[in-house]
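Undergrad: 3D model of this:
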Amino acid sequence: MSRAFSTARQNLARWLGYNKELLPPVFKDAAERYVENGAVQKVGKVDSIEILHRNDGSSPVHQSHFNRLDKAMIISARISPADGSRPRTHHIYADGTGTFKKGDKREYSTSSEQGA
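TA: Predicted coordinates for the structure are as follows:
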């Protein structure tokens, strides 16, 4: 029952940019999980998710350029809230967690500052 509900909610958001079906399976699953959990908790209902990538067709999996101390592999996604507020770029990790600002904890919730 919960799977049907989460799938229905996920299908309401538009996926843009790099085709999520072409992501490595671990990152495809992570992106879907983050949009269903972390992103909703951080920004509310999601209108669209744009997986950011280079125009050369290469994989969007990379290390953060924003937080060079973080050596984990990520994908970057511009998430647009349904309430019309400004889209923000989120870093999504292979485990389905994500952040949207430096110092944001890698988790599903909105606990914002590390060490807080």
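
Undergrad: can you give me the helices in this protein?
TA: According to DSSP state H, the chain carries its helices in the segments 2-12, 25-36, 38-43.

Undergrad: Could you identify which of those helices has the lowest mean pLDDT?
TA: Among these, helix 2-12 carries the lowest mean pLDDT, a mean of 49.

Undergrad: Scan the chain for its longest strand.
TA: Scanning the chain for the longest strand, with DSSP state E as the assignment, gives strand 73-81.

Undergrad: Only the buried residues of that one, if you could.
TA: For strand 73-81, burial by neighbour count (16 or more other CB atoms under 10 Å) applies to Ile74, Ile75, Ser76, Ala77, Ile79, Ser80, Pro81. C-beta coordinates here come from the backbone N, C-alpha and C atoms, glycine included.

Undergrad: Going by distance to Leu52, which of those wins?
TA: Ranked by distance to Leu52 (CB to CB), the buried residues of strand 73-81 are led by Ser76 at 4.4 Å.

Undergrad: contacting residues around the closest one?
TA: By CB atoms under 8 Å, 6 or more residues apart in numbering, the residues touching Ser76 are Ile51, Leu52, Pro60, His62, Thr89, His90, His91, Ile92.
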